[in-house]
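> what's the 3D shape of this:
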Amino acid sequence: MGTLTARPPGVDQAEWLATNTVAFFKHINLLTSAMSEFCTPSTCPVASGPGNTVYVWTDEQGKKLKCSAPLYFDYAMSYIQDLLTDEEVFPTKSGTPFPPGFVFLVQKVFLLLFRTLAHFYWSHYRETLALGLHPHLNTLFTHLTHFCRQHALLESEDIEPLQDLVRALQQHSYS
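Below is the predicted model:
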C-alpha cells in the first residue's frame, strides 16, 4: 500500500494531494450511491460512527445541524464536489498555484470521507456483505487510512475509534 500512497519523485505535493482527493471522492461517492437504499432517514436518523459518535454538520454560518446520515453525507459530498470544481481551490491549468490553506481544505475533505466509511462500517456492514461490497469497502478504507497517515491528513483521534479495524485489515492483506 505504501507504493500506492507515496508521492512519486518529481511530483508536486499539492498536485499529489489534489489527484488523490479527486480519486478517493469518486470511489466513496460511488459507494455512497450503492448504499443509499440502506442508509435512509428512517434507518439512520442521525449520522453516526463507532461507539457513541454522532457527526454534526456545520453550515456556512457556523450553525451545527444534527441531521440524518443520508442528509449529512449529502451535505458532505456536495461540499466536496463544490471544492473540487472550484478552480480557485483545485486548479486544473498547469502552473496555476494552489491556494494558501489548501492542505487544511484537503484535511477537511478526508475527514468527511473517513466519516462516510466509518458510518458504513458502523451502521451498514451487514449490507455491504450482502451486496458483496465488503472487499471494496475494506480495500478503500485501508487505502484511505494509509494515505491519510502518510500525508498527515487525519488526526490520530479521528482514526482511533476504528484502530482495531485498521490493524485487522492490515493483517489480512488488504494493505
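> Only C-alpha atoms from now on, for both contacts and neighbour counts.
Fine.
> Go through the chain and flag its longest helix.
Determined from DSSP state H, the single longest helix within the chain is helix 102-131.
> tell me the mean pLDDT for the next helix-or-strand element following that one?
Under the assignment DSSP states H and E, the closest C-terminal helix or strand after helix 102-131 is helix 134-150. On average, the pLDDT along helix 134-150 is 92.
> What residues sit buried inside the longest helix of the chain?
102-103, 105-107, 109-121, 123-125, 127-128 (16 or more other C-alpha atoms under 10 Å).
> swap in stretch 132-144?
Neighbour count says stretch 132-144 has 133-134, 137-144 buried, by 16+ other C-alpha under 10 Å.
> cool, and stretch 77-87?
The neighbour-count check on stretch 77-87 (16+ other C-alpha under 10 Å) flags 77, 80-81, 83-84 as buried.
> List the contacts of the lowest-mean-pLDDT helix or strand in the chain.
Ranked by mean pLDDT, DSSP states H and E, the weakest helix or strand in the chain is helix 2-5, scoring a mean of 72. Residues from elsewhere that reach helix 2-5, judged by C-alpha atoms under 8 Å, 6 or more residues apart in numbering: 143, 146-147, 150.
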